[in-house]
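what shape does this take:
(2 chains)
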Protein chains: 2
Amino acid sequence: MQLLKKRILQDGKCYEGGILKVDSFINHQMDPGLMKSVAVEFVRRFASTKVNKIMTIEASGIAPAIMTGYLMNLPVVFAKKKSPKTIQNALSTTVHSFTKDRDYEVVISSDFLTPDDHVLFVDDFLAYGNAALGVIDLIKQSGATLVGMGFIIEKAFQNGRQILEEQGVRVESLAIIEDLSNCSIKIRD
Amino acid sequence: MQLLKKRILQDGKCYEGGILKVDSFINHQMDPGLMKSVAVEFVRRFASTKVNKIMTIEASGIAPAIMTGYLMNLPVVFAKKKSPKTIQNALSTTVHSFTKDRDYEVVISSDFLTPDDHVLFVDDFLAYGNAALGVIDLIKQSGATLVGMGFIIEKAFQNGRQILEEQGVRVESLAIIEDLSNCSIKIRD
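You can find the predicted model right below:
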């Protein structure tokens, strides 16, 4: 997706330790026009599948997910990163965050993830794939079917794709970062 | 907004203690078509103002905010409910949650909230107004100008509007809940 790749090279910032900051247009401040273009691309890539629900995790997955759901005319559900008292019929799983070096609980109500659902999961980043594995666990618990996973940005050198593909998951990423060494951003053509 | 009021009466659930659950279409599972209609109404209500940025708080404010930003062709920034290590130039404030009976920190980068910004704040609920007061504090710290605050649902009996209007803030709510006593939902005409 050329528009996205150009934007990452223009506005993305690279730091030691494989960190790519895109917080001026994706995950703190957000460019809604870009989010719509991202959603169009997800629609195109999953056009041949039978999706009837979009799923994401709070917080930075919500913008691309709601745009995708809007274009596909489908409901969007987001998993929550802690367990609110108010959630009913909760399914939960534990995810390890490498960035924050801690475990956190991810929760979703089984009222909104059911055996009838064919789910397209959408998120901003694929890195080590831990959050995505948590989502796969929630989907298994619910009896829903996972159709595929779409990410705005994949960090290829952190091997999340391999872990997901080993589970038979179709993965689509709109910009694949090959390398962030020496604080220079290398994106796959 | 008739579409929204009808939907709340149809799918909203009312519990003891003034609790209104709209988690099947607004803040856990979301209806993207409804979110677009909500955004159209915010655009209409704030049409005479000079807004150049949409602001919200994670997580359930993000969907209406990104739709509003998309329609108005403006950037959207969301405040975060904890302080990630990675946030630079952070402004922070403390908010008390009555629902959860605890304080939490709300953080935003001053890179994305500046004296040049004329901010429309968008969120799902106005209850006691505590989160909104936190947002006002962040906006004051940043030197930005608050143009107005738009909420999908206001719980009139929890008096958040009064607190905000005392600060000179223009408040627009798309559905105003008068009463939830005896677990029956009364919406203002």
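
could you use CA atoms for every contact and neighbour count after this?
Will do.

which residues of chain A lie near chain B?
With Cα under 8 Å from any Cα of the partner chain as the criterion, chain A meets chain B at residues A:24, A:28-33, A:36, A:58-59, A:62-63, A:66-67, A:69-70, A:73-79, A:85, A:100, A:112.

okay, now the sheet partners of the top strand by length along chain A, with direction.
Criterion DSSP state E: the longest strand present in chain A is strand A:145-155. If you go by DSSP bridges, strand A:145-155 pairs up with strand A:118-126 (parallel), strand A:171-179 (parallel).

would you tell me which one of the ones you listed is buried the most?
strand A:118-126 (a mean of 25; mean count of other Cα atoms under 10 Å in any protein chain shown).

what are the contacting residues of that strand?
If you take Cα atoms under 8 Å, 6 or more residues apart in numbering or on different chains as the criterion, strand A:118-126 is touched by A:26-27, A:50-57, A:60-62, A:64-65, A:132, A:144-155, A:160-161.

would you mind checking the residues you listed for buried ones?
Using 16 or more other Cα atoms under 10 Å in any protein chain shown as the burial test, those include A:26-27, A:51-57, A:60-62, A:64-65, A:132, A:144-155, A:160-161 as buried.

pLDDT weak spots in chain A?
A:83-85 (pLDDT under 70).

once you drop chain neighbours, what's closest to the residue sitting nearest the centre point of it?
Against the mean C-alpha coordinate of chain A, by Cα atoms, centre = their mean, the closest residue is A:D123 at 1.7 Å. Using Cα to Cα, 6 or more residues apart in numbering or on different chains and skipping residues adjacent in sequence, the residue nearest A:D123 is A:G61, 4.3 Å away.

for that neighbour, what are its contacts?
Applying Cα under 8 Å, 6+ apart to A:G61 gives the contacts A:V122, A:D123, A:D124.

then A:R170?
Going by Cα under 8 Å, 6+ apart, A:R170 touches A:V147, A:G148, A:M149, A:L164.

got the residues you listed as TSV, with distance to B:V169 columns?
Shown next, in TSV, are the contacts of A:R170 (distance: Cα to Cα, whole Å):
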residue	distance to B:V169
A:V147	46
A:G148	44
A:M149	42
A:L164	48
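
greatest separation within the residues you listed: which pair is it?
For the contacts of A:R170, the farthest-apart pair by Cα to Cα is A:V147 and A:L164; their separation is 12.4 Å.

burial of A:G33, as a residue count?
18 (other Cα atoms under 10 Å in any protein chain shown).

figure out the helix or strand that it lives in.
Following DSSP states H and E, one finds A:G33 within helix A:32-45.

show me what counts as buried in whichever strand or helix holds A:L164.
Using DSSP H and E, A:L164 sits within helix A:160-166. By neighbour count on 16+ other Cα under 10 Å, the buried set for helix A:160-166 is A:G160, A:R161, A:L164.

who's in contact with the second one?
Counting by Cα under 8 Å, 6+ apart, A:R161 makes contact with A:L126, A:Y128, A:G129, A:V171.

what ranges do the strands span in chain A?
For chain A, applying DSSP E gives strands covering A:13-15, A:19-21, A:29-30, A:53-57, A:76-79, A:90-97, A:102-109, A:118-126, A:145-155, A:171-179, A:186-187.

so which of those strands is nearest B:D116?
Once the strands of chain A are compared by Cα to Cα, strand A:29-30 is nearest, at 15.1 Å.

run through the neighbouring helices and strands of the closest one.
Judged by 3 or more Cα pairs under 8 Å, 6 or more residues apart in numbering or on different chains; DSSP states H and E, the packing partners of strand A:29-30 are strand B:76-79.

starting at the chain centroid, how far to the strand it packs on?
11 Å (Cα atoms, centre = their mean, to the nearest Å).

list the contacts of that strand.
A:28-32, B:53-58, B:62, B:65-66, B:69, B:106-108, B:112.

coming back round to it: what's the farthest-apart pair in the contacts of A:R161?
The most widely separated members of the contacts of A:R161, counting by Cα to Cα, are A:Y128 and A:V171 (13.3 Å).

A:C14 is nearest to which of the strands paired with strand A:145-155?
Using Cα to Cα, the nearest of the strands paired with strand A:145-155 to A:C14 is strand A:171-179, at 10.2 Å.

how many degrees apart are that closest one and helix A:32-45 in direction?
Following axes from the mean of the first three to the mean of the last three Cα atoms, to 10 degrees, one obtains 120 degrees for the angle between strand A:171-179 and helix A:32-45.

what sits up against strand A:171-179?
A:1, A:4-5, A:18, A:38, A:41, A:45, A:148-157, A:161, A:164-165, A:185-188.

so who does the nearest residue to A:S173 once chain neighbours are set aside touch?
Counting by Cα to Cα, 6+ apart, A:S173 lies nearest to A:F151, which is 4.6 Å off, once chain neighbours are set aside. A:F151 makes contact with A:V122, A:D123, A:D124, A:F125, A:L126, A:V171, A:E172, A:S173, A:L174 under the criterion Cα under 8 Å, 6+ apart.

could you redo the last one with a cut-off of 10 Å?
A:38, A:42, A:61, A:64, A:121-127, A:171-176 (Cα atoms under 10 Å, 6 or more residues apart in numbering or on different chains).

swap in A:A144?
Listed by Cα under 10 Å, 6+ apart, the contact partners of A:A144 are A:S110, A:L113, A:T114, A:P115, A:D116, A:D117, A:H118, A:V119, A:I136, A:L138.

give the contact list for the fifth one.
It stands for A:D116. By Cα under 10 Å, 6+ apart, A:D116 lies in contact with A:N52, A:K53, A:S142, A:G143, A:A144, A:T145.
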